[in-house]
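Enquirer: Just a sequence and a predicted model for now, questions to come.
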Amino acid sequence: MSRFPKLSETFVLYEMLALQQQGVDVEVFPLINERAKVVHAEAKPFVERAHYLPVLSLPILKANLHFLRKKPAAYLRVWLEVLRGTFGSMNYMVGGLGIIPKAAKFAYDMQRMGVRHVHAHFANHPAVAALVINRLTGIPFSFTAHAHDIYVDQHMLKEKVQAAKFVVAISEYNKALITRHAGEAMRDKIKVVHCGVDTSLFQPRQKPASDGLFTIVCVGSLEEKKGQTYLVEACRLLKQRGLRFVCHLIGDGQNRADLEEQVRRDNLGDVVKLAGGIPRAEVLKMLAKADVVALPSIRTKSGKMEGIPVALMEPLACEVPVVSTQTSGIPELVEDGVTGLLVPPENPAALADALQRLANDPELGQRMGRAGREKVLREFDLNDNAATLVQLMIGGAR
């Protein structure tokens, strides 16, 4: 992955923990030498032994000279492959070429450690690094394609799919997109393995005594694709309608200042609360209070959008109903009227109507919450999906 740990990508951490429970020795090789300010307690052992590297160092130089001497053709060919594959995008080309020296050091260390399989999270630069390692060492690799890494960045996607032992798509939507880019011949190599949640941790809880307020919770980084601005506007409409409610926005990000200004401008400080980024234990407490979780995801003008948000899986596992949008793979989790309610993206009026509907009909929310947990147990259980990934890796490591 690019960074570890990263608060908005805790699904990677929990997958690693699940893989360890399956008996896999997991080593972390972040591309960027940067640690998050907020670190989940479960991440600390990985952080302590993670293979962080500076941009350039003497060990990196020695590793590159090693491959230049031992495998000169492969080493020079990988530079040419990345240059050719990223040509036309200065940003992606600089990033891709900048990865090679560090990836060569990773490759050198992995050979010495006896690593049998490399798995990259995200199909853009992390998958390029895995490809470089494979070209230099022959260690088989795979990668998981999530969202922006294929919706926005598609450089070298076909080459990476062809070289990988297998590719994980987190949704059928993603599998179809990757197949279109990589070719129909690659379809069987692309496996749908959902991100998942720990259903033994995220489970129905006794709701605290109600204070009479309908409680809306939104969990997610504060960025455009999450659509929180439309939720705040929906809250303005609900306040106008006289609904007694409170909405908690959990998460942090680049849009925080804009959202705070929107709340101030619309005089919503009494009903919309920005909690910032909080650990998983605190998220669980908030979900126990929630009547509904809302995530009004959108597709941005640049093409960024969700995959299937874990932030929707977690409340459903707790039997909390959700309201979201008909964006990317979300309908694969949220079946409209069955496990939640779906509204058109960028439509605060429809969002307000859906939230009002649940406020007026608690039994509907309870039915959808129960159906949601059943759906998560069938298709989005973290340990079940980790076991599937292990079987794919074992096949890839032979």
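Expert: Now that the structure is in, tell me what you want to look at.
Enquirer: Quick check: which ranges of the stretch 1-150 of the chain have low pLDDT?
Expert: For the stretch 1-150 of the chain, applying pLDDT under 70 flags the ranges 36-39.
Enquirer: Could I get the contacting residues of Leu268?
Expert: Val232, Cys235, Arg236, Lys239, Gln262 (CB atoms under 8 Å, 6 or more residues apart in numbering). From N, CA and C alone the C-beta is placed, and that goes for glycine too.
Enquirer: Give me the phi and psi angles of it.
Expert: Dihedral angles of Leu268 (phi, psi; degrees, to the nearest 10) stand at phi -110, psi 10.
Enquirer: Pull out the buried residues from the biggest helix by length in the chain.
Expert: Ranked by residue count, the top helix of the chain under DSSP state H comes out as helix 90-113. The neighbour-count check on helix 90-113 (16 or more other CB atoms under 10 Å) flags 92-93, 95-96, 99-111 as buried.
Enquirer: do the same with stretch 361-369
Expert: Gly365, Arg367, Met368, Gly369.
Enquirer: Turn those into JSON lines, columns for pLDDT, distance to Leu177 and secondary structure.
Expert: Formatted as JSON lines, these follow (pLDDT from 0 to 100; distance: CB to CB, whole Å; DSSP: H, G, I helix; E, B strand; the rest coil):
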{"residue": "Gly365", "pLDDT": "97", "distance to Leu177": "33", "secondary structure": "helix"}
{"residue": "Arg367", "pLDDT": "98", "distance to Leu177": "33", "secondary structure": "helix"}
{"residue": "Met368", "pLDDT": "98", "distance to Leu177": "28", "secondary structure": "helix"}
{"residue": "Gly369", "pLDDT": "97", "distance to Leu177": "31", "secondary structure": "helix"}
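Enquirer: Of those, which is the nearest to Val334?
Expert: Met368 (9.2 Å; CB to CB).
Enquirer: Can you get me a residue count around Pro45?
Expert: Neighbourhood size, Pro45 [other CB atoms under 10 Å]: 12.
Enquirer: Locate it within the secondary structure: which element?
Expert: Using DSSP states H and E, Pro45 falls within helix 44-49.
Enquirer: Mind giving me the packing neighbours of the helix or strand just after that helix?
Expert: Following helix 44-49 in sequence order, the next helix or strand is helix 58-70 (DSSP H and E). On a contact count with 3 or more CB pairs under 8 Å, 6 or more residues apart in numbering; DSSP states H and E, helix 58-70 meets helix 72-86, helix 90-113.
Enquirer: Of all the residues in helix 58-70, which ones are buried?
Expert: For helix 58-70, the neighbour count (16+ other CB under 10 Å) marks Ile60, Ala63, Asn64, His66, Phe67 as buried.
Enquirer: Same list, those residues, but as TSV with distance to Val118 please.
Expert: Shown next, in TSV, are the buried residues of helix 58-70 (distance: CB to CB, whole Å):
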residue	distance to Val118
Ile60	18
Ala63	16
Asn64	18
His66	18
Phe67	16
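Enquirer: of all these, which comes closest to Pro204?
Expert: Ranked by distance to Pro204 (CB to CB), the buried residues of helix 58-70 are led by Ile60 at 49.9 Å.
Enquirer: give the contact list for the closest one.
Expert: Leu53, Pro54, Pro101, Lys102, Ala104, Lys105.
Enquirer: Farthest pair within the residues you listed?
Expert: Pro54 and Ala104 (14.1 Å).
Enquirer: Using CSV, list the CA coordinates for stretch 285-299.
Expert: Provided in CSV are the C-alpha atoms of stretch 285-299 (Å, rounded to 0.1, in the frame of the first residue of the first chain):
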residue,chain,number,x,y,z
LYS,A,285,-20.4,3.2,20.5
MET,A,286,-21.8,5.6,18.0
LEU,A,287,-23.3,2.8,15.9
ALA,A,288,-25.1,1.6,19.1
LYS,A,289,-26.8,5.0,19.4
ALA,A,290,-27.7,5.3,15.7
ASP,A,291,-31.1,5.0,14.2
VAL,A,292,-29.6,5.1,10.7
VAL,A,293,-26.3,5.5,9.0
ALA,A,294,-26.2,7.7,6.0
LEU,A,295,-23.5,7.8,3.3
PRO,A,296,-24.6,9.9,0.3
SER,A,297,-21.7,8.9,-2.0
ILE,A,298,-21.3,10.6,-5.4
ARG,A,299,-19.1,10.4,-8.5
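Enquirer: neighbours of Asn33, just the number please.
Expert: 13.
Enquirer: actually Glu224, sorry about that
Expert: Quick note: Glu224 (other CB under 10 Å) scores 18 neighbours.
Enquirer: Ok, Ile139 next?
Expert: 20.
Enquirer: what does Ala74 give?
Expert: Here the number of neighbours of Ala74 (other CB under 10 Å) works out to 15.
Enquirer: how close does it sit to Lys226?
Expert: Going from Ala74 to Lys226 by CB to CB, to the nearest Å gives 42 Å.
Enquirer: do Val24 as well
Expert: According to CB to CB, Val24 stands 31 Å off from Lys226.
Enquirer: of these two, who's got more company?
Expert: Lys226 (27 against 17).
Enquirer: Grab the nearest non-local neighbour of the more buried one.
Expert: Leaving aside its sequence neighbours, Lys226 sits nearest to Gly220 (CB to CB, 6 or more residues apart in numbering; 4.4 Å).
Enquirer: Tell me if I'm right that Asp381 and Gly196 touch.
Expert: Yes. Assessed by CB atoms under 8 Å, Asp381 is found in contact with Gly196 at 5.4 Å.
Enquirer: neighbour count winner among these two?
Expert: Gly196 (25 against 20).
Enquirer: Phi and psi next, for the closest residue to that one other than its chain neighbours.
Expert: Spatially, and ignoring its direct neighbours in sequence, Gly196 is nearest to Leu382 (3.6 Å; CB to CB, 6+ apart). The phi and psi torsions at Leu382 (degrees, to the nearest 10) take the values phi -60, psi -50.
Enquirer: One more: the one 10 residues further on?
Expert: Dihedral angles phi and psi of Leu392 (degrees, to the nearest 10) take the values phi -70, psi -40.
Enquirer: partners of the residue lying closest to it once chain neighbours are set aside in the sheet?
Expert: Leaving aside its chain neighbours, Leu392 sits nearest to Phe166 (5.2 Å; criterion: CB to CB, 6+ apart). In this entry, Phe166 is beta-bridged to Ser142, by DSSP bridges.
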